[in-house]
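Asker: Output the structure for:
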Amino acid sequence: MSRWLITAGIILIAIGLVYHFAPWLINWFGRLPGDIRMETGRGKVFIPVVSMILLSIIITILINLFRR
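Answerer: Numbering: from 1, shown residues only. So this is what the prediction gives:
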């Protein structure tokens, strides 16, 4: 369990550093075709359908690579 927590922490730190120093690499996330955005004068609704599918596929591939 401790290895997984350390690994998750390192991954989160790496993502944070990339987002801080190179935001143009991550700004595409949430703006893919298929993500639903509705804005009115009273509020905003954002449903990142395609972004979550892509993230799920990437995480599944990474988990399968680390398991073997």
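Asker: host element of the residue most central in space within the chain?
Answerer: For the chain, the residue nearest the mean C-alpha position is Leu55 (5.6 Å; C-alpha atoms, centre = their mean). In this structure, Leu55 sits in helix 49-67 according to DSSP states H and E.
Asker: quick check: domain ranges of the protein?
Answerer: What automatic domain parsing lists as the domains of the chain is 1-30, 33-68.
Asker: can you give me the mean pLDDT across the first one?
Answerer: When you say that, I think you mean domain 1-30. The average pLDDT for domain 1-30 rounds to 84.
Asker: can you check stretch 46-63 too?
Answerer: 90.
Asker: Touching it from outside, list them.
Answerer: Contact partners of stretch 46-63, identified using C-beta atoms under 8 Å, 6 or more residues apart in numbering, comprise Phe29, Gly30, Leu32, Pro33, Gly34, Asp35, Ile36, Arg37, Met38. Glycine gets a C-beta too; all of them are placed from N, C-alpha and C.
Asker: Any buried residues in that stretch, and which?
Answerer: Across stretch 46-63, burial judged by 16 or more other C-beta atoms under 10 Å covers Pro48, Ser51.
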